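J.: After the sequence you'll find the predicted model.
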Amino acid sequence: MAVEHFPIEEGHVLCFARAIGDPNPAYVDRDLAAKSEVGGIIAPPTFVQASAQFDPGYPLRPHDGQPWFGSGGTPTGVQSAIEGGNDTGTSGGSGLHAEQRYEYHRTLRVGDVLSAETKPGRTWQKQGRRAGALIFSEFVTEYRDAAGELVITATTVGVRTERVPERGGS
């Protein structure tokens, strides 16, 4: 993911907090937040995940005139490469989101404008029972403010199987 301009706006923070069911007044109450040690409304801890909507290449984002994940007559709307026998482990069937973790270098506040860059991290394997090796891959996203200071480091771990599990059967 590469995001050049991700504004942290009060309305987005409010909607995100409501969506995750977190009623913390630090996300919505201007007067209370102004009196806090950070001096303003802050964003919930996982809020940076919303930056994907500011990435024009984000694969789960709809694109006019194109099938996208979640549209159409198939479960994803997009034909999986696994259906054609050419699975790469990236387009359905054998890959899963395994872990997400965050390191906070400072509090994320309304008014911040972030940029984000994702780079590959570590890769490792563990032996699976049914589909051979499980291949784990990290992706590390660094979120920086307008001054270039590191605000949050997010690490995503995906796992895919060495070979595609057989479909069907009993």
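T.: Structure's in. What do you need?
J.: So V28 sits against A17, correct?
T.: Yes: taking contacts as Cβ atoms under 8 Å, V28 lies within contact range of A17: 6.6 Å. Every residue, glycine included, has its C-beta placed from N, CA and C.
J.: Over to the most centrally placed residue in the chain: give its phi and psi.
T.: Geometric centre of the chain, nearest residue: Q49, 4.6 Å, by Cα atoms, centre = their mean. As for Q49, its main-chain torsions (degrees, to the nearest 10) stand at phi -60, psi -30.
J.: quick one: the strands in the chain?
T.: 2-7, 95-104, 113-127, 133-144, 150-161 (DSSP state E).
J.: Reformat those strands as TSV; add mean neighbour count.
T.: Converted to TSV, those look like this (neighbours: other Cβ atoms under 10 Å):
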stretch	mean neighbour count
strand 2-7	15
strand 95-104	12
strand 113-127	13
strand 133-144	17
strand 150-161	18
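J.: can you put these in a markdown table and add distance to P67?
T.: Output for the strands of the chain, formatted as a markdown table (distance: least, Cβ to Cβ, whole Å):
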| stretch | distance to P67 |
| --- | --- |
| strand 2-7 | 23 |
| strand 95-104 | 19 |
| strand 113-127 | 24 |
| strand 133-144 | 24 |
| strand 150-161 | 22 |
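J.: closest one to Q66 among the ones you listed?
T.: strand 2-7 (19.9 Å; Cβ to Cβ).
J.: avg pLDDT for the closest one?
T.: What strand 2-7 shows for mean pLDDT is 88.
J.: Could you do stretch 98-114 as well?
T.: Average pLDDT, stretch 98-114: 95.
J.: Endpoint to endpoint, it covers what distance?
T.: End-to-end span of stretch 98-114 (Cα to Cα, to the nearest Å): 26 Å.
J.: Quick check: the closest residue to W124 other than its chain neighbours vs L60, distance?
T.: Computed as Cβ to Cβ, 6 or more residues apart in numbering, the closest residue to W124 that is not its neighbour in sequence is F136, at 5.2 Å. From F136 across to L60, the span is 21 Å (Cβ to Cβ, to the nearest Å).
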